[in-house]
Each structure stands twice: as structure tokens, then as C-alpha cells.
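>>> sequence first, then the predicted structure:
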Amino acid sequence: MAEKPMFIYVTDGSEDGAFDKIEKVILDDNKILVGMRAFKCIKMSPSDVQDDPLLSGRSKEDRYFLFVSRDYSKVKVIAGNKMKTKATYSMMKSFASKAYKTKFDKNVKATLKLILEYDKINNARKVLTEKKERGGSDLSKGEVKKIDKELAELEERQKEAEAKEKELLTFELKGAKKAA
């Protein structure tokens, strides 16, 4: 049994014209990128796929996605005009829900919110640090104290976000005992 379900991108290396929809839209979508953490992601050539007894003969396309369950019993293909972000994410949800106790969609959405929280913390920290540096000796002790207090609050928010991140990065497998 595999450690994670697999998300395989089969490509012959060619692009879809000047703008590659698969790599620039589907694989760059935030939900897809975050969701990939729940999968073993592999990039294979069509010839490598044809040499694999489990995967061969699944599609005649030069570029497509394959999803493989942890126990290798289920292999699904997304190819041709069905290669869209929504279909890919839906397939990810389907395979993740069979592998994990963790609610995949809820986890992805919470992770996206967490990324926004990190951005807010970093932006606020940058503004306060620059304000402190620009003001230098012209800042009163009260202003410096206020900035330092706000920076300490941001540090606490950062620690809370890191704890939440650690929790979100843990996908509990179905049938596995919960770690102590």
C-alpha cells in the first residue's frame, strides 16, 4: 500500500502553444497547489506510463492526469478537454476522501486562509519595522514602545499560525491509529 494516493502528470514535454493552460492555469491554481500536499505527485512521460503495467493503456493523449488510490485498485484519468481546474480538484477530493479521515476540502480552504494570515502578518511587520527604522531617534519612547508591543503581538499571531499550519499539514490516514 502506498503512503499517499498518487497524482501523476503525464506529459511528453510539449506545451499547448504560447500559453500552456495545464501548467499555467490548472497546476498553478491555489486550491490545486495546496491540495497536492495530500498526494505523491509524479511527472511521467507517456512512454514511462506505457511501460508500467498498472498505468498503461489509460489514455491515447500526450498529456493527461492519472490518479491512483493508495491500494492501487483504482486508477482514474482526466484527459483532453476534461482537463480543467474544477475537474482536477474534484478528482483530488474524491481520492483524498478515500485515503484520509481529514476533510480534504475543509483543510485546503483553511490552508488558503492561513496563507492570507501569513501575508497580513508579514506586511504589518514590514510596515512597523520600516516605521521604526525611518523614525530612528526622532521617535518618542512611547511610540517605540507601541511599535514594539505591536511587533510582539504579530509574533504571537505568527506562532498561532505556525501551530495551525502544523495541524493542517497532518493528514490522518483511514485505518491508521491516531498518533499520540
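Nice, thanks for sending it over.
>>> now residue 117: how far from residue 158?
9 Å (Cβ to Cβ, to the nearest Å). From N, CA and C alone the C-beta is placed, and that goes for glycine too.
>>> now do residue 134
Residue 134 is 23 Å from residue 158, where distance means Cβ to Cβ.
>>> more neighbours: the two, which one.
A direct count of neighbours by other Cβ atoms under 10 Å for residue 134 and residue 158 places residue 158 higher, at 15 against 9.
>>> helix, strand or coil for the more buried one?
Recorded secondary structure, residue 158: helix (DSSP: H, G, I helix; E, B strand; the rest coil).
>>> wait, it touches residue 124, no?
No - contact between residue 158 and residue 124 fails when scored by Cβ atoms under 8 Å: they sit 10.4 Å apart.
>>> that's a strand at residue 154, yeah?
No - counting by three-state DSSP, residue 154 is not found in a strand; it is helix.
>>> I figured it hits residue 125, correct?
Yes - under the criterion of Cβ under 8 Å, residue 154 makes contact with residue 125 at 5.1 Å.
>>> what about residue 132, neighbour count?
The local packing of residue 132 (other Cβ under 10 Å) involves 16 other residues.
>>> distance-wise, check it relative to residue 64.
Remark: distance between residue 132 and residue 64 (Cβ to Cβ) = 53 Å.
>>> now swap in residue 173 and tell me
Going from residue 173 to residue 64 by Cβ to Cβ gives 27 Å.
>>> neighbour count winner among the two?
Of the pair residue 173 and residue 64, residue 64 is the one with more neighbours under other Cβ under 10 Å, namely 21 against 14.
>>> please report phi then psi for the more buried one.
The phi/psi pair for residue 64 (degrees, to the nearest 10) reads phi -170, psi 170.
>>> excluding chain neighbours, what is closest to it?
residue 79 (3.7 Å; Cβ to Cβ, 6 or more residues apart in numbering).
>>> contacts only, for the residue nearest the centre of the chain.
In the chain, the C-alpha nearest the mean C-alpha coordinate belongs to residue 34, at 1.4 Å (Cα atoms, centre = their mean). Residue 34 makes contact with 108, 111, 112, 115, according to Cβ atoms under 8 Å, 6 or more residues apart in numbering.
>>> now do the SS call for the third one.
Under the three-state scheme (three-state DSSP), the conformation of residue 112 reads as helix.
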